[in-house]
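J.: got a sequence here, can you model it:
(2 chains)
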Number of protein chains: 2
Amino acid sequence: MDPFKIIEVKESVFANNNQQADALRQRLRGEKTFLLNLMSSPGSGKTSTILRTIEQLRNEMAIGVMEADIDSAVDADKIAQAGIRTIQIHTGGACHLDAEMTAQGIDAFGTGDLDFVILENVGNLVCPAEFDTGAVKSAMILSVPEGDDKPLKYPLMFSTVDVLLINKIDCLGYFEFDADAVRERAKKLNPDITVFEVSAKSGQGFGAWTDWLRGEVKKWNS
Amino acid sequence: MDPFKIIEVKESVFANNNQQADALRQRLRGEKTFLLNLMSSPGSGKTSTILRTIEQLRNEMAIGVMEADIDSAVDADKIAQAGIRTIQIHTGGACHLDAEMTAQGIDAFGTGDLDFVILENVGNLVCPAEFDTGAVKSAMILSVPEGDDKPLKYPLMFSTVDVLLINKIDCLGYFEFDADAVRERAKKLNPDITVFEVSAKSGQGFGAWTDWLRGEVKKWNS
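T.: Coordinates of the predicted model:
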């Protein structure tokens, strides 16, 4: 038996994605499962951030990971190797997940016994920002090598997320990157955004991020 | 007067993007203008690669740059500051350019007297790969910090481009990245792909890349 399922999901034929997202959240609330939608460009470190996050929380709660990709099972492999329950969702070429696709993934995964599920969205700073997946909270990663101008160029993503993780801060000295400028630009778009500076490589900053997560999971599941 | 125009373009209402792309190529052929479509994730170094490329070719040919973004004029500013003719195209939120949007950009820019135009597409490894823009050749950038698994996860982009630039090779020692594995994965998807390893920061590898470009521009414009 494979260590994880691979399923194909299809975009919603319904017009009202927001309604479907609300319905999924209500269902997750009933099941006491906190769903986090994690988004970023390709290669910002979503999977390594998930691995580091789980390392700090796995003894306190039941965690699962839904990996969404256009193709391959590279990320689900990594998660399964860490002994975490995972499912690989293929989007059939689609550049994002909508609420219906997420619900299909939740159905196939079976999340009733999980306290905390992380959805790794398709690597893309544009399209995933346009769709409420039904997650309870959403976070994005911007990594230092990508540059500090990204809030100016991809404003919708920075406007919609609850949390911004500035990742790969271990290589701040190597790239021209002004973290304060990113904070300022992100806050201008989204005054309520919470920002953490982290390094999935070294573990730096993960205490504050997982404290935030722990609090949110507890609030939702209580 | 502003140093460059900013225009809003709209997605095509026509079904046949390929037909429109062919028509645009035919027009460019008549005008002796070589158009390159440059694609990558956000933050892979498209703009700095363009600046470095122009530095090596600007004394030999008339060059212009079309910057496509959802918002801001950050990139067009950088290009204009280098004394290069540029135009900023805003896509109205769209995650890619189609042939009609590119043609609108070409019209507004006025490329009749240019030998070589670089179109910097929206930062996105998914959607731009699905649309022929009408460019003569297309290239993508994968930067070292993004990781060597990207051909597995975003196969369409690697399958459709003529050239893959592996950028930021100056920081190969800092990140786990197997350039040979990337070449092999890309060639498996696209046996005809030409691969160059470059650093827009140091200029390394730009001789071979601009030699290739010079040859293609000459062939097209002869």
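J.: mind listing the strands for chain A?
T.: A:5-8, A:34-40, A:63-69, A:85-90, A:116-120, A:137-143, A:163-167, A:194-197 (DSSP state E).
J.: quick one: these as CSV, columns for mean neighbour count, mean pLDDT and distance to B:Val74 too.
T.: Using the backbone N, CA and C atoms, a C-beta is placed for each residue, glycine as well. Formatted as CSV, the strands of chain A follow (neighbours: other CB atoms under 10 Å in any protein chain shown; pLDDT from 0 to 100; distance: least, CB to CB, whole Å):
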stretch, mean neighbour count, mean pLDDT, distance to B:Val74
strand A:5-8, 14, 82, 38
strand A:34-40, 26, 98, 19
strand A:63-69, 26, 96, 29
strand A:85-90, 23, 95, 34
strand A:116-120, 25, 98, 28
strand A:137-143, 25, 98, 15
strand A:163-167, 24, 98, 18
strand A:194-197, 17, 98, 20
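J.: the residue nearest to the spatial centre of chain A pairs with what?
T.: In chain A, the centroid-proximal residue (CA atoms, centre = their mean) is A:Leu38; its distance is 1.1 Å. On the basis of DSSP bridges, A:Leu38 is bridged to A:Glu120, A:Ala139.
J.: which one of the strands of chain A lies nearest to B:Ala181?
T.: Of all those, strand A:63-69 sits nearest to B:Ala181, with 18.0 Å by CB to CB.
J.: please tell me how far the residue nearest to the centre of chain A sits from A:Ala68.
T.: 10 Å (CB to CB, to the nearest Å).
J.: shared neighbours, these two?
T.: A:Leu119, A:Glu120, A:Asn121 (CB atoms under 8 Å, 6 or more residues apart in numbering or on different chains).
J.: test my guess that the second one contacts A:Val65.
T.: By that I understand A:Glu120. Yes. Look at A:Glu120 against A:Val65 with CB atoms under 8 Å: they come within range, at 6.7 Å.
J.: need the overlap of contacts for the two.
T.: Shared contacts of A:Glu120 and A:Val65, counting by CB under 8 Å, 6+ apart, come down to A:Ile50.
J.: what parts of chain A come near chain B?
T.: A:41-43, A:69-72, A:74-75, A:93, A:95, A:122-127, A:130, A:143, A:145-147, A:149-150, A:152-156, A:168, A:171, A:174 (CB under 8 Å from any CB of the partner chain).
J.: buried ones among the residues you listed?
T.: A:41-43, A:69-72, A:74-75, A:95, A:122-127, A:143, A:145-147, A:149-150, A:152-156, A:168, A:171, A:174 (16 or more other CB atoms under 10 Å in any protein chain shown).
J.: who touches A:Ser72 in this structure?
T.: B:Asp149, B:Leu152, B:Lys153, B:Pro155.
J.: of the residues you listed, which ones also sit close to chain A?
T.: Answer for the contacts of A:Ser72 near chain A (CB under 8 Å from any CB): B:Asp149, B:Leu152, B:Lys153, B:Pro155.
J.: list the contacts of the first one.
T.: By that I understand B:Asp149. A:Ser72, A:Val74.
J.: distance from stretch A:64-82 to the middle of the chain?
T.: 13 Å (CA atoms, centre = their mean, to the nearest Å).
J.: measure it end to end?
T.: 11 Å (CA to CA, to the nearest Å).
J.: got it, and stretch A:144-162?
T.: 19 Å.
J.: chain center to it: distance?
T.: Distance of stretch A:144-162 from its chain centroid, counting by CA atoms, centre = their mean, is 15 Å.
J.: cool, stretch A:214-222 as well?
T.: 17 Å.
J.: just stretch A:133-149 next, same as before
T.: The answer for stretch A:133-149 is 8 Å, by CA atoms, centre = their mean.
J.: repeat that for stretch A:114-125.
T.: 4 Å.
J.: next one: stretch A:208-221
T.: 14 Å.
J.: residues touching that stretch, excluding its own?
T.: In contact with stretch A:208-221 (CB under 8 Å, 6+ apart) are residues A:29, A:32-34, A:36, A:53, A:56-57, A:60-61, A:115-116, A:136-137, A:163, A:165, A:194, A:196, A:198.
J.: hmm, 10 Å instead?
T.: A:25, A:28-29, A:31-36, A:49, A:52-57, A:60-61, A:63, A:115-116, A:118, A:136-137, A:139, A:162-163, A:165, A:194, A:196-198, A:206 (CB atoms under 10 Å, 6 or more residues apart in numbering or on different chains).
J.: which residue comes closest to A:Ile166 once chain neighbours are left out?
T.: A:Glu197 (4.7 Å; CB to CB, 6 or more residues apart in numbering or on different chains).
J.: quick one: which of the strands of chain A is nearest B:Lys10?
T.: strand A:34-40 (26.3 Å).
J.: neighbouring strands for the lowest-mean-pLDDT helix or strand in chain A, and are they parallel or not?
T.: Every helix and strand of chain A was ranked by mean pLDDT, DSSP states H and E. The lowest is strand A:5-8, at a mean of 82. Partners of strand A:5-8 in the sheet, by DSSP bridges, are strand A:85-90 (parallel).
J.: contact partners for the residue nearest to A:Ala68 when sequence neighbours are not counted?
T.: Nearest residue to A:Ala68, sequence neighbours excluded (CB to CB, 6+ apart): A:Ile89, at 4.5 Å. Neighbouring residues of A:Ile89 by CB under 10 Å, 6+ apart: A:5-9, A:66-69, A:76, A:97, A:101-102, A:104-106, A:108-109, A:119-122.
J.: quickly list what A:Ile89 is bridged to.
T.: Going by DSSP bridges, A:Ile89 forms beta bridges with A:Ile7, A:Ala68.
J.: ok, now how distant is it from chain B?
T.: Taken as CB to the nearest CB, to the nearest Å, the spacing of A:Ile89 relative to chain B amounts to 13 Å.
J.: export the ones next to chain A among the contacts of A:Ser72 as a markdown table, with columns for distance to B:Ser222 and pLDDT.
T.: Listed next are the ones next to chain A among the contacts of A:Ser72 as a markdown table, based on distance: CB to CB, whole Å; pLDDT from 0 to 100:
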| residue | distance to B:Ser222 | pLDDT |
| --- | --- | --- |
| B:Asp149 | 40 | 97 |
| B:Leu152 | 39 | 96 |
| B:Lys153 | 39 | 95 |
| B:Pro155 | 34 | 96 |
